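>>> Fold the following.
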Amino acid sequence: MPDHAPSPERLAAVATALERIDLTLAGTAAVDLRNATRRLVGEYLAPRVAHPDDDLVIAVVGVSGAGKSTLFNSIARRRLTETGARRPTTLEPVAWGHASLPASLDAIRRRLPGRMVDTLRPPPDGVVLVDTPPPDIVDDSGEPVCAQILDVADACILVAGAHRYADAAGFDLAARAARRGLTTVFVLNRLPATPELQRVLISDFVGKLARSGLIERPEPGSVIAIAEGVVSSDREGLSTDGVTGLRKEVERLADPHEWRRVIDAAVAGSTRRVADALAVLRGALITAEARRIELTDPVKLSYAEAADRVVAAVRSGVFAEVKDDPGALAAALGSAAARRAGRAAVRSADRWELLGAGLGRGLFTHGSETPAAARERIEWWQSDIPRLAAELGGRTVRGRRAERLVGATRASVLDPGHSPRRKERRMLERHPGLVAAAAERLDEELAGIVAADAVRFTAGLGPGTPWGILAELNVEERP
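Residues are numbered from 1 along each chain as shown. Sure thing, here's the model as predicted:
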């Protein structure tokens, strides 16, 4: 492994951090980048770093009709994949390897259909070749199967047909491999027999590769040229002489010195790719967190003010006239809390419109369930007073005594000018601190009713980024 390769522990920490980050406000591009980075870390870098001596994985990619499967069979000198006039002929991946596949192919093997092991007369030691479907074959998620295999490969053979070598899909695959620093072998296949025409096509192909930044210089030797030939019926491949150059290139990659260089380059390139992606994600998270604060602050302020106003109304005695009617009290306080929540919703919605946040019609008033929920909470507050009395004084009150205690406490909380009768006063004296505690509990219930309505705004913003998670989104070893 290259000296700057991250340790398995660091990669595990990055993978965990990628699972935990919230990208609700960061947009679909950030979500897609997170998913791609998580796959690169979990499905390639982590298993490759943990198993550095596993076989070299070479993905054979290209557009439909380029002749990948024929070349695959030609290198193996026997039939491994389907070929023919039907397009595409390869619908599922086929791996040509040894007794076991590298750990970097484990996730692909579990997720994708296909004959992922064919070990009869295996390739050169240390190498696994995977024939892939063309880019228009996708899995259930809509992602090209060949791209997923390319993302866990150590090297790439890009096969382009002479009649479609300018196809953008093929160049996209080559660019995908280049972004990870993969060693790529370019093959221009199915060339016509005329040497002059071959030279023209090869020159044009290498020119396009150079202009795309996929090779340094437009030299004919940068690609392996293979002429159109007779395909044998038994192995569905070309003659041995027709693919000598490609077979030698595979053998060269299998040489121990080149093998190590190729894997180290893939690990180094993938690490850079992950580092760049994590930097983008850190920036996206910071921006998203700023947006979350921008949107949540006006909601918090509006609903906090609404809760304060309801509590102040209770403390001032506005609801004293219904202190002796539990049902009327629950209805009155519930309605008041809902009205205040509705006003807070209007202020919050107005502010969000100014901030360019999308809103549904239901956010311009309190939630439909808020009034009923508020009444239930006020009823519960009244019914909980005997338990609160027992909690404070250790004395259990039941039956009619409990009913009288609830009435006396309720009246004292709701009416600042209330003067308890002698029996009520003695009852309350036996439970010191009950009125103050009940008043505090009522304040909490009212604030909770209003705050629950605010969740309609804040729930859609996501939970936010956990503290310290940004530091974990880094492939560099932490001191």
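>>> so where does the residue lying closest to A330 once chain neighbours are set aside fall, helix or strand?
Distance criterion C-beta to C-beta, 6 or more residues apart in numbering; nearest residue to A330, sequence neighbours excluded, is I378 at 4.2 Å. In this view, the C-beta of every residue, glycine as well, is placed from N, C-alpha and C. Assigned by DSSP states H and E, I378 belongs to helix 370-383.
>>> which other helices and strands contact that helix?
For helix 370-383, the elements it packs on are helix 326-354, helix 399-414, helix 434-458, judged by 3 or more C-beta pairs under 8 Å, 6 or more residues apart in numbering; DSSP states H and E.
>>> rerun at 6 Å
helix 326-354, helix 434-458 (3 or more C-beta pairs under 6 Å, 6 or more residues apart in numbering; DSSP states H and E).
>>> Now the element after it, going C-ward?
helix 385-393.
>>> orientation of that next one relative to helix 434-458 in degrees?
120 degrees (axes from the mean of the first three to the mean of the last three C-alpha atoms, to 10 degrees).
>>> Start the count at 687 instead of 1 going forward.
Got it, first residue is 687 now, which makes that one helix 1071-1079.
>>> before we move on, back to that, so what's the gap between the helix holding I1064 and the chain middle?
40 Å (C-alpha atoms, centre = their mean, to the nearest Å).
>>> how about that helix: buried residues?
For helix 1056-1069, the neighbour count (16 or more other C-beta atoms under 10 Å) marks 1056-1057, 1059-1061, 1063-1065, 1067-1068 as buried.
>>> Now render those residues as TSV, adding pLDDT and distance to A961.
Shown next, in TSV, are the buried residues of helix 1056-1069 (pLDDT from 0 to 100; distance: C-beta to C-beta, whole Å):
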residue	pLDDT	distance to A961
T1056	88	48
P1057	88	53
A1059	89	49
A1060	89	51
R1061	91	56
R1063	92	51
I1064	92	56
E1065	93	58
W1067	93	55
Q1068	92	60
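>>> Rebuild the helices and strands packed on helix 1056-1069 as a markdown table, extending it with distance to S786.
Listed next are those as a markdown table, based on distance: least, C-beta to C-beta, whole Å:
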| stretch | distance to S786 |
| --- | --- |
| helix 1012-1040 | 56 |
| helix 1120-1144 | 50 |
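>>> Which pLDDT value goes with A1140?
Listed pLDDT for A1140 reads 90.
>>> what's the helix or strand for the residue lying closest to it once chain neighbours are set aside?
Using C-beta to C-beta, 6+ apart and skipping residues adjacent in sequence, the residue nearest A1140 is Y989, 4.2 Å away. Element membership for Y989 (DSSP H and E) is helix 942-1002.
>>> elements contacting that helix?
helix 714-725, helix 1012-1040, helix 1120-1144.
>>> what residues are up against V746?
754, 758, 817, 843 (C-beta atoms under 6 Å, 6 or more residues apart in numbering).
>>> just checking, which of those belong to helices?
754, 758 (DSSP state H).
>>> Redo the contacts of V746 as TSV? Include neighbour count.
Converted to TSV, these look like this (neighbours: other C-beta atoms under 10 Å):
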residue	neighbour count
K754	30
F758	26
D817	31
I843	28
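>>> Where do the domain boundaries of this protein fall?
740-940, 977-1147 (automatic domain parsing).
>>> which of the ones you listed is buried the deepest?
Comparing the domains of the chain by mean neighbour count (mean count of other C-beta atoms under 10 Å), domain 740-940 comes out on top with a mean of 19.
>>> And that domain, end to end?
12 Å (C-alpha to C-alpha, to the nearest Å).
>>> for the helix or strand bottoming out on mean pLDDT in the chain, the distance to its chain's centre please.
Of all the helices and strands that make up the chain, helix 754-762 has the lowest average by mean pLDDT, DSSP states H and E, namely a mean of 82. Mean C-alpha position of helix 754-762 versus that of the full chain (C-alpha atoms, centre = their mean) differs by 37 Å.
>>> Now the helix or strand just after it: average pLDDT?
Remark: after helix 754-762, the chain's next helix or strand is strand 780-782, criterion DSSP H and E. Taken as a whole, strand 780-782 has a mean pLDDT of 86.
>>> One more: stretch 704-717?
91.
>>> pretty sure the residue nearest to A1016 is in contact with S1021, am I right?
No. Applying C-beta atoms under 6 Å as the test, I1064 and S1021 come out as separate, 10.3 Å apart.
>>> Need the residues touching each of the two.
By C-beta under 6 Å, 6+ apart, no residue touches both I1064 and S1021.
>>> Now do the SS call for P1118.
coil (DSSP: H, G, I helix; E, B strand; the rest coil).
>>> ok, now how distant is it from G1079?
7 Å (C-beta to C-beta, to the nearest Å).
>>> And A961, by the same measure?
For A961 relative to G1079 (C-beta to C-beta), the value is 63 Å.
>>> cool, and R765?
From R765 to G1079 the distance is 89 Å (C-beta to C-beta).
>>> Identify whichever of the helices and strands packed on helix 1056-1069 lies nearest to V871.
helix 1120-1144 (53.4 Å; C-beta to C-beta).
>>> Kindly spell out which helices and strands sit in contact with the closest one.
When contacts are defined as 3+ C-beta pairs under 6 Å, 6+ apart, helix 1120-1144 sits against helix 942-1002, helix 1012-1040, helix 1056-1069, helix 1071-1079, helix 1085-1100.
>>> What are the boundaries of the strands in the stretch 787-936 of the chain?
Under the criterion DSSP state E, counting those that start in this stretch, the stretch 787-936 of the chain carries strands at the ranges 813-817, 841-847, 869-877, 909-913.
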